[in-house]
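*Asks:* I need the structure of the sequence given here:
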Amino acid sequence: MKANETNKTIYNHNVLEFVTVAIEYCAYLEQSQGREREDFLDTMLKLLPLLYMKALLLPEVDSEGDFLPQGKVTEDDYNFIRRIVYDLLADEDQYLDVSYDRDMETDETQWQSVSEHLADIYQPVRNFLAVYQDGVEDCMTDALWALRDNFELYWGEAAVSALKRLHMIWMGDKR
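*Replies:* Numbers count the residues shown, from 1 in each chain. This is a model prediction of the structure:
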């Protein structure tokens with residue numbers, strides 16, 4: 001990919017919109033300690049589908065892996081986000097979920113955790129934002145590639161799973 005094409009891709013309208021929503025998502029989670037549960041649920045039920053949709057619209061980019069960034073989110077950062085969400089959801093954080101195992105062609109029941117899902121989304125999104133903020137275009141392109149790859153392989157599904165559980169909690173609170 002030529003430098004001019006790279007510039008067009010990393011500053012593409014869809015990338016900029018994703019960055020905007022991603023900043024909101026990360027900042028909201030980082031500042032959620034002590035929030036009311038109802039406020040948290042209301043906001044997450046709006047931010048998560050928006051983040052997912054904006055990720056679907058990200059342009060495909062190629063990466064040689066020469067500039068793949070180091071992760072900026074530490075284990076402590078991850079655990080901080082996970083703990084905030086866990087504290088807000090308490091006994092409703094963990095839930096049983098049925099998923100289809102393609103390799104085994106069977107349904108499998110597993111314990112899932114909303115707090116882990118949201119922290120698992122936070123980590124690659126926040127790592128991407130840190131690189132994007134630095135403004136080194138080759139690194140930005142590789143970070144965009146890594147973000148899309150991680151979305152397709154993992155955090156896209158985590159977002160859908162967390163959204164489903166958050167909806168169930170929200171509906172239960174309304175009754």
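*Asks:* Which stretches in this protein count as helices?
*Replies:* Chain-ordered helices for the chain, with DSSP state H as the definition, fall at 3-10, 13-30, 37-56, 75-89, 114-134, 137-150, 156-174.
*Asks:* Please name every helix or strand in contact with the third one.
*Replies:* Read it as helix 37-56. Counting contacts by 3 or more CB pairs under 8 Å, 6 or more residues apart in numbering; DSSP states H and E, the secondary-structure elements packed against helix 37-56 are helix 13-30, helix 75-89, helix 114-134, helix 156-174. (Glycine included, C-beta is placed from N, CA and C.)
*Asks:* Contact partners for the most centrally placed residue in the chain?
*Replies:* For the chain, the residue nearest the mean C-alpha position is Ile121 (2.7 Å; CA atoms, centre = their mean). Contact analysis of Ile121 by CB atoms under 8 Å, 6 or more residues apart in numbering lists Tyr25, Leu48, Leu51, Trp155, Ala158, Ala159, Ala162.
*Asks:* Counting neighbours, what do you get for the second one?
*Replies:* A total of 22 residues lie near Leu48 under the criterion other CB atoms under 10 Å.
*Asks:* That one contacts Leu163, doesn't it?
*Replies:* Yes: applying CB atoms under 8 Å, one finds Leu48 in contact with Leu163, separated by 4.8 Å.
*Asks:* which non-adjacent residue is nearest Phe151?
*Replies:* What sits nearest to Phe151 in space, not counting adjacent residues and going by CB to CB, 6 or more residues apart in numbering, is Ala55, at 4.7 Å.
*Asks:* and that neighbour, what is it in contact with?
*Replies:* When contacts are counted by CB under 8 Å, 6+ apart, Ala55 is found next to Phe18, Leu147, Arg148, Phe151, Gly156.
*Asks:* For the closest residue to Glu38 other than its chain neighbours, the count of nearby residues, please.
*Replies:* Of all residues beyond its chain neighbours, the one nearest Glu38 is Asp173 (6.7 Å), with distances taken as CB to CB, 6+ apart. By other CB under 10 Å, the residues close to Asp173 number 11.
*Asks:* and if you look at Arg37?
*Replies:* The criterion is other CB under 10 Å. On that basis, Arg37 has 15 neighbouring residues.
*Asks:* Let me see the confidence value for the closest residue to it other than its chain neighbours.
*Replies:* Distances taken as CB to CB, 6+ apart place Leu88 nearest to Arg37, at 5.2 Å, with adjacent residues excluded. Leu88 carries a pLDDT value of 97.
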